[in-house]
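*Asks:* let me see the structure of the following:
(one chain, ligands or ions: 1)
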Amino acid sequence: MTAYREFHRRSIADREGFWDEQARLVHWQKPFSKVLDYSRPPFAKWFVGGQTNLCYNAIDRHLEARGDQKALVWISTEVDAQKTFTYRELHAEVQRAAAMMQALGVKQGDRVVIYMPMIPEAAFAILACARIGAVHSVVFGGFAAASLAARIDDAKPKLMITADGGSRMGKVVLYKSLVDEALRVARHPPEKVLIFRRGLDANMASVAGRDVEWRDLAQKHAGAQVPCAWLESNESSYILYTSGTTGHPKGVQRDVGGHAVALAASMKHLYCGEAGETMFTTSDIGWVVGHSYIIYAPLIAGMTTIMYEGVPVRPDAGIWWKIVQDHKVAVMFSAPTAIRVLKKQDPAYMKKYDLSSLKHLFLAGEPLDEPTHVWITESLGRLVIDHYWQTETGWPLLSAHPGVEKTPLKMGSPSFPCYGYDVRLLHETTGKEVADGEKGVVAIKPPLPPGCMATVWGDDARFVETYFRSFPGQLVYTTFDWGIRDKDGYYFILGRTDDVINVAGHRLGTREIEEAVNMHPNIAECAVVGVADPVKGQMPLAFAVAKTHVEDQKKLEKEVMETVDKQLGAIARPRAVHFVTLLPKTRSGKTLRRSIQALAEGRDPGDLTTIEDPGALQQIKDALR
Ligand code: PRX
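*Replies:* This is a model prediction of the structure:
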């Protein structure tokens, strides 16, 4: 492990020297004058004074050497279609989209909310924002109108871009009508909505003066040339909302230069993706994994990226492996939950295809259990690398580093700290570092490396409070995950200590779901906990107190579930809603979620000395029975 160890050691001991070297992986229109400005902890400014552009690095830079190479391959098993764009074609599409946005009044620094299914136009829109220096905020298509409205009100966009519809498992999802619903309740709606019509919603309504059809505008801007805006490294590139411990989503704000460098470096040292090769990331553009590893990183590296609209088991469970074979995928990135879905299918599907191009499969987003890790490694006959990171970091925090040194993997472990991260495991109450083999809270000693969130959009104080103030007297970034390091230095992530749950790799706050449940007129209060689920990792489970006596529990349960669907989207729907008359709380009024969760998972509820009324816990037990 000497090469890895030395690489990581240097990245911390000589931060500036290390990142100065990594910065050479991208184009700088104007060189930076300082690698790191850390004069206002914990805010880190990287590559100060340098000017660059993410879209230039992702597209223009490659035109000369690989203009005719495929840049983007879009495959939809939902509408049974495929489209390919070379770097030159992508360049043209993105310039046209940029010209369209400018025609709708978008200027540098303006926000553009993108609420789109997995179609090429979504990638054009994202890259067009980057090109002109507009700040994109992509919202996952699974979110309901109220969630979308909350994000719109926080980002205050100049423009929204959407499509008439998307498709999931052959069922049409009406994006535009959901946007209309969100804009009816939003306090800061955009002036214009640009709509790409796919023909999935014949009855799509149009608001005169506000709605603009993509195709109509595109015709007027065919062949447009829009130069890249040269942005100072620390300007904002995007906002991506993520769940936290409050009901109000946080806007993770990322910069330009640090983001480009971090992604380029990760392709080299971690993913081993080379220019000319193909990368297939099975995520959605609405998540951080999609931002980093469907759109930006593979293109910055000069690779071909696959954008897949569909599920892993349709038309059959061989579809991903067929894509790997047909497109000679070298690097693949997916999530444990998807692998657990595939595990239930016939493994013959995997054997049917020639997977010889595949170098590695990377998995992230939730704990990868050892049996699943073993199963997929054996079935693929490839290294399957578990790696750990977050929306906030934008790129891996713990991983094996096959581009630096091929270290042995341990099943169920995301290996070691990535270069640039000074990772510590701290005791929950004392804040002191724990010994090897002891459980601690994963923390990073700042400054955070390039590519990590710069701040919470519009709220520097919240950034410091949320992430850096968990241990009194110490300025450390805490991620609220439990971890253990073994004597060989391998980390194991045990899950969150806070109230964030992870449903099939989708991150949701228990508070958000509780607020959604409480929207039902007959619910007085509730507690939502995440409970272990064999396929999805975790599922929300709700315990609710009704305002009036409940005659028909099944009926009310169904109504509450529908309320959650409407507020947050079906991804947040509880597995069940149990009705109780009392919730277990501490004397200070804090709901004992950890105890409820333990009971629901058949574990010991732990320390109950602070409980106000032990009868409440009995009710939870009875409800679970
Ligand atoms: O709890 C950790 C879990 O997912 C959280 C971050 O989720 P999100 O912001 O959606 O970003 C996902 C980016 C891959 C983490 O705080 N998590 C992520 N990867 C792993 C993981 N838990 C265990 N093992 C992992 N490899």
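*Asks:* select the longest helix from the chain.
*Replies:* helix 87-103 (DSSP state H).
*Asks:* what does this protein have sitting close to the ligand?
*Replies:* Where the chain comes near the ligand, counting by Cβ under 6 Å from any ligand atom, the residues are 242, 288-289, 364-368, 386-391, 414, 479, 481, 493, 496, 502, 507. Any C-beta I mention is one placed from the backbone N, CA and C, and that applies to glycine too.
*Asks:* quick one: the closest residue to the ligand within the stretch 101-250 of the chain from residue 502, how far?
*Replies:* Residue nearest to the ligand within the stretch 101-250 of the chain (Cβ to the nearest ligand atom): residue 242, separated by 5.3 Å. According to Cβ to Cβ, to the nearest Å, residue 242 and residue 502 sit 12 Å apart.
*Asks:* could you list the low-pLDDT ranges of the stretch 151-300 of the chain?
*Replies:* 244-247 (pLDDT under 70).
*Asks:* one more pass at 50, please.
*Replies:* By pLDDT under 50, the stretch 151-300 of the chain has no low-scoring segment.
*Asks:* could you pull out the strands in it for me?
*Replies:* Secondary structure of the stretch 151-300 of the chain by DSSP state E, counting those that start in this stretch: the strands cover 159-163, 166-168, 171-173, 192-196, 211-213, 231-232, 238-242, 250-254, 278-281.
*Asks:* just the stretch 401-550 of the chain next, same as before
*Replies:* Using DSSP E, counting those that start in this stretch, strands in the stretch 401-550 of the chain cover 416-417, 422-426, 440-445, 455-456, 477-485, 491-496, 500-503, 506-509, 523-533, 537-546.
*Asks:* list the helices and strands the first one packs on?
*Replies:* It stands for strand 416-417. helix 2-13, strand 398-399 (3 or more Cβ pairs under 8 Å, 6 or more residues apart in numbering; DSSP states H and E).
*Asks:* let's see 10 Å
*Replies:* helix 2-13, strand 398-399, strand 422-426 (3 or more Cβ pairs under 10 Å, 6 or more residues apart in numbering; DSSP states H and E).
*Asks:* among those, which is the most enclosed?
*Replies:* strand 398-399 (a mean of 25; mean count of other Cβ atoms under 10 Å).
*Asks:* packing partners for that strand?
*Replies:* Using 3+ Cβ pairs under 10 Å, 6+ apart, strand 398-399 sits against strand 383-386, strand 416-417, strand 491-496.
*Asks:* switch to 6 Å and redo it
*Replies:* Judged by 3 or more Cβ pairs under 6 Å, 6 or more residues apart in numbering; DSSP states H and E, strand 398-399 has no packing partners among the helices and strands.
*Asks:* for it, the distance to its chain's centre please.
*Replies:* 16 Å (Cα atoms, centre = their mean, to the nearest Å).
*Asks:* hmm, who's touching that strand?
*Replies:* By Cβ atoms under 6 Å, 6 or more residues apart in numbering, the list of residues contacting strand 398-399 from outside reads 270, 387-388, 414-415, 417-418, 491.
*Asks:* if we can go back for a sec, in its sheet, what does whatever helix or strand comes next after the longest helix of the chain sit against?
*Replies:* Later in the chain than helix 87-103, the nearest helix or strand by DSSP states H and E is strand 111-115. Within its sheet, strand 111-115 is paired with strand 135-138 (parallel), strand 159-163 (parallel), according to DSSP bridges.
*Asks:* quick one: mean pLDDT for the shortest one?
*Replies:* Per-residue pLDDT values over strand 135-138 give a mean of 98.
*Asks:* what's that strand in contact with?
*Replies:* 111-114, 126, 129, 155, 236, 238-239, 285-286.
*Asks:* closest one of these to residue 379?
*Replies:* Of all the contacts of strand 135-138, residue 379 sits closest to residue 285, with 27.8 Å by Cβ to Cβ.
*Asks:* my read: that closest one touches residue 122, true?
*Replies:* Yes. If you go by Cβ atoms under 6 Å, residue 285 and residue 122 touch, sitting 5.4 Å apart.
*Asks:* higher neighbour count, these two?
*Replies:* The neighbour comparison of residue 285 against residue 122 (other Cβ atoms under 10 Å) goes to residue 122, with 29 against 23.
*Asks:* what is the helix or strand hosting the more buried one packed up against?
*Replies:* Residue 122 belongs to helix 120-132 when elements are defined using DSSP H and E. Here helix 120-132 touches helix 54-58, helix 87-103, going by 3+ Cβ pairs under 6 Å, 6+ apart.
*Asks:* at 7 Å instead, please
*Replies:* With contacts defined as 3 or more Cβ pairs under 7 Å, 6 or more residues apart in numbering; DSSP states H and E, the packing partners of helix 120-132 are helix 54-58, strand 70-76, helix 87-103, strand 111-115, strand 135-138.
*Asks:* how far off centre is it?
*Replies:* 18 Å.
*Asks:* so the closest residue to residue 265 other than its chain neighbours: helix, strand or coil?
*Replies:* Leaving aside its chain neighbours, residue 265 sits nearest to residue 22 (4.4 Å; criterion: Cβ to Cβ, 6 or more residues apart in numbering). Classification of residue 22 using DSSP: H, G, I helix; E, B strand; the rest coil returns helix.
*Asks:* how many residues are close by residue 22?
*Replies:* Once other Cβ under 10 Å is used to define contacts, residue 22 is seen to have 21 neighbours.
*Asks:* correct me if wrong: it contacts residue 261.
*Replies:* Yes. Counting by Cβ atoms under 7 Å, residue 22 touches residue 261, with 5.4 Å between them.
*Asks:* picking that back up, okay, the residue nearest to residue 265 and the ligand: tell me how far apart.
*Replies:* Distance from residue 22 to the ligand, counting by Cβ to the nearest ligand atom, to the nearest Å: 21 Å.
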